[in-house]
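I'll drop the sequence and a predicted model, then ask my questions.
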Amino acid sequence: MWMLVCVVITVCYGEARSSLPSPSEANVRLFLTKKGIDYANQRLMSNIVSEVEGLRIPSVSITKSIWWNRIDLSLYNSKVNKVNLGSSSLSFGYGHMKLSLHLSSAEIVGKYNYRGGIIGWGRGTYRVKLTRVSLTKYLSLGANAKGKPYIKNRGCNTWIGDIDPIFRGESSFILNLFVQLVKTSVQQDVQKMICKSITDGINERGRKLPQMYQDKFPVTKVASAEIHFPILESPSIQRGFVDFVIEGGVYSSLYTLTSATSGQGINHLSYYPNPYKMLSIVLSDRMFNSLAELYYKAGVVRIDEIQINDVNPSLKVNIDLVRPPFTNTNASGSFFTLYLNGTVKDNSSNYEVGLLVTGDFRIQEEDRVLSGKVSNLRFNLTDCAENAPKDLRDIIVPSLFSSRDDLAEIVSNSFMNDMAPLPLIPTVKIVNKRVLYEQGYTVFECDLVEKK
């Protein structure tokens, strides 16, 4: 759960980042809303309880002189036995996150013994009830030169409103003389230990965060190609959400991709995240078009021959792509375009044709992986051999239209399955998804749950 909490923490940069692209080249934006922050806060409270309950308190030695006697009291085998939650909140300041936690009560149990000269000695058990415990912890999340996040601990303060020690055992009435000393000693030690325990827990998990955040993924179906998701700039903290800018760049050592630098990224995005969802993920067309260009140049996109049985049993069409497919998104939806050259075979004659194919394009998500789906293909004849009979020209588009579902399935399955991952940590799952479209972008609005 700490990894989910890390998403809501401000990023500050401790290393030079000249090796990363400019934020203007980013293709992904992630918005964490107040609903997401509140969810993280709820989950965080249960983690705080597990961190504090069972916490071992170091042995305490207290000395007091009474009636010219020196009395030595030792408190040992002490631990936090029970914690009752009050309330908590996560808030943001410049460069940090502030966690405010209130415990209605907590209980410490342990053993004691004392030696008191002429008074004698004794031993027993003790219980200390703490009330009105408040914790304020400051954190920040750094990003290294590779754009991978790390946790940075900052200040921590604990305040205990009241302490009520109770001793049970031999000559426990004598220990009433020590109540104020016990209060002071226990209060100081517990305040330090609570902060130390939580800080150590965050440090331990924080060491794993750079390894858990995968900033590079191999591109399926193409060797020597990757998609990169480093964090490119400090997030913008707005009222109601936090905005993260992530690269989403496609790289290949074998192919030059012109789509990677054409079209708009996310820097001109005008989108306000849905406050009723925890997370909004904005994906630019440029990322999908870069992937489509890569698949095209690597020879992954193959359509081959289509036989038209419904309209003309003797008619076959061999199809070749002449340029990379691409998507274009606006407020009405996302649309897919193919430029094709075809060879129409009609009995013993062949005729060359040019085709423009458009269709509806939608992004699907499953287990943090994106796939594409094409449907409702539409055909336009852009060129046709001069010697092609007129009746053949008239039948080409209707013939292809009759097989549009088969062609859409071929296009979808040839390269759109498992196109790209989402830059989310593997411990969370996307639920309650809603997809909408803006000019140049597809937006996933969703909630998050921890994987069981």
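It's in. These numbers come from a predicted model, not from an experiment.

check which helix or strand residue 222 maps to.
Assigned by DSSP states H and E, residue 222 belongs to no helix or strand.

what's the domain layout of this protein?
34-212, 216-450 (the TED database).

which of the ones you listed sits closest to residue 25?
domain 216-450 (5.6 Å; CB to CB). Any C-beta I mention is one placed from the backbone N, CA and C, and that applies to glycine too.

start and end of the closest one, how far apart?
End-to-end span of domain 216-450 (CA to CA, to the nearest Å): 22 Å.

can you name the residues that contact residue 417?
If you count contacts by CB atoms under 8 Å, 6 or more residues apart in numbering, residue 417 has them with 220, 371.

can you start the count at 25 instead of 1 from here on
Understood, numbering begins at 25; the last thing we discussed is residue 441.

tell me the spacing between it and residue 94.
The gap separating residue 441 from residue 94 is 80 Å, by CB to CB, to the nearest Å.

bridged to the nearest residue to residue 445 once chain neighbours are set aside, which residues?
The shortest distance from residue 445 to any non-neighbouring residue, by CB to CB, 6 or more residues apart in numbering, is to residue 241 (4.9 Å). Applying DSSP bridges to residue 241 gives these bridge partners: residue 251.

list the contacts of residue 241.
250, 251, 253, 444, 445.

of those residues, which is the nearest to residue 121?
For the contacts of residue 241, the nearest to residue 121 is residue 253 (21.9 Å; CB to CB).

my read: residue 304 touches residue 296, true?
No. Contact criterion CB atoms under 8 Å: residue 304 and residue 296 do not qualify, at 9.1 Å.

looking at these two, which one has more neighbours?
A count of neighbours by other CB atoms under 10 Å puts residue 304 above the other of residue 304 and residue 296, at 24 against 10.

what are the phi and psi values at the more buried one?
Backbone torsions of residue 304, given as degrees, to the nearest 10, read phi -120, psi 130.

ok but residue 432 is inside a strand, no?
No. Going by DSSP: H, G, I helix; E, B strand; the rest coil, the assignment for residue 432 is helix, not a strand.

I figured it hits residue 384, correct?
No. Residue 432 sits out of contact with residue 384 when judged by CB under 8 Å, with a separation of 9.2 Å.

the more surrounded of those two?
Between residue 432 and residue 384, counted using other CB under 10 Å, residue 432 has the larger neighbour count: 19 against 16.

tell me the contacts of the more buried one?
Residue 432 is in contact with 383, 398, 399, 400, 401, counting by CB under 8 Å, 6+ apart.

switch to 10 Å and redo it
360, 381, 383, 384, 397, 398, 399, 400, 401 (CB atoms under 10 Å, 6 or more residues apart in numbering).

number of nearby residues for the residue nearest to it when sequence neighbours are not counted?
Nearest residue to residue 432, sequence neighbours excluded (CB to CB, 6+ apart): residue 398, at 4.7 Å. For residue 398, the neighbour count with other CB under 10 Å is 25.

and what of residue 299?
Counted with other CB under 10 Å, residue 299 comes out at 13.

same question for residue 358.
20.

name the SS class of it, please.
Going by three-state DSSP, the state assigned to residue 358 is strand.

now do residue 412
Going by three-state DSSP: residue 412 is coil.

give me every residue that touches it.
When contacts are counted by CB under 10 Å, 6+ apart, residue 412 touches 368, 370, 373, 374, 375, 376, 377, 420.

hmm, residue 411 and the third one touching each other?
Yes. Taking CB atoms under 10 Å as the contact criterion, residue 373 and residue 411 are neighbours in contact, 8.6 Å apart.

pLDDT weak spots in the stretch 225-374 of the chain?
By pLDDT under 70, the weakly predicted segments of the stretch 225-374 of the chain are 284, 287, 291, 326-338.

in it, which spans are strands?
In the stretch 225-374 of the chain, the strands defined using DSSP state E, counting those that start in this stretch lie at 240-242, 249-252, 255-262, 265-270, 273-276, 303-308, 328-332, 339-345, 350-354, 357-370, 373-390.
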